[in-house]
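*Asks:* model this:
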Amino acid sequence: MVKHWLSQEDSIKYLSKAFYGHLATTNDHQPYIVPVNFVYYQNHIYIHSSLNGQKLENIKNNSRVCFEVSHFTKLLPGNKPCQFGVCYWSVLVFGQAKILDNMNLKTNALHLLIKKYCQNEYLPPLDPENIQQVAIIDINIDRISGKANIENKVEE
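*Replies:* Predicted coordinates:
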């Protein structure tokens, strides 16, 4: 199997179907990466967060971020160590992050996250007090690139 670059369209499909990703930030030239739940919507990535923490401090000091999703699908054994490989796909996103303070934008982002992760068909409406107690990180995407070593196109 040959590694290949994914089209913009396929990169977005993989990004949209990923369950979680990794957000990379920096502060004082020190990288920091953390796994996060997220949702992709119209060239933005929304991430639910607590109101305090290293990733929020880093974003306040440097809004440039990188976001990664990937998935291992199968080991490809070889006859020699250097012939081993894996089937996988991965997508990198580069963009500008900000912490939403507008209640309407935060509420809309939370609805998108709930739709992605919640299996319960009925949940009580979002309480404005609870919305104030969480942070939403909004990544405005500048560039997406994807790469894969897979047998087929995007798995359904």
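*Asks:* CA only for contacts and neighbour counts going forward, please
*Replies:* Noted.
*Asks:* tell me which element the most centrally placed residue in the chain falls in.
*Replies:* Centroid-nearest residue in the chain, with CA atoms, centre = their mean: residue 21, separated by 4.1 Å. In the assignment (DSSP states H and E), residue 21 maps to strand 20-27.
*Asks:* helices or strands next to that strand in the packing?
*Replies:* Packing contacts for strand 20-27, counted by 3 or more CA pairs under 8 Å, 6 or more residues apart in numbering; DSSP states H and E, involve strand 30-41, helix 54-61, strand 64-76.
*Asks:* quick check: mean pLDDT across stretch 75-88?
*Replies:* The average pLDDT within stretch 75-88 is 78.
*Asks:* give me the buried positions along it.
*Replies:* 87-88 (16 or more other CA atoms under 10 Å).
*Asks:* chain neighbours aside, what residue packs nearest to residue 75?
*Replies:* residue 86 (4.5 Å; CA to CA, 6 or more residues apart in numbering).
*Asks:* where's the one you found, which helix or strand?
*Replies:* Using DSSP H and E, residue 86 falls in strand 85-99.
*Asks:* relative to helix 54-61, how tilted is that strand?
*Replies:* On the basis of axes from the mean of the first three to the mean of the last three CA atoms, to 10 degrees, strand 85-99 is oriented at 60 degrees to helix 54-61.
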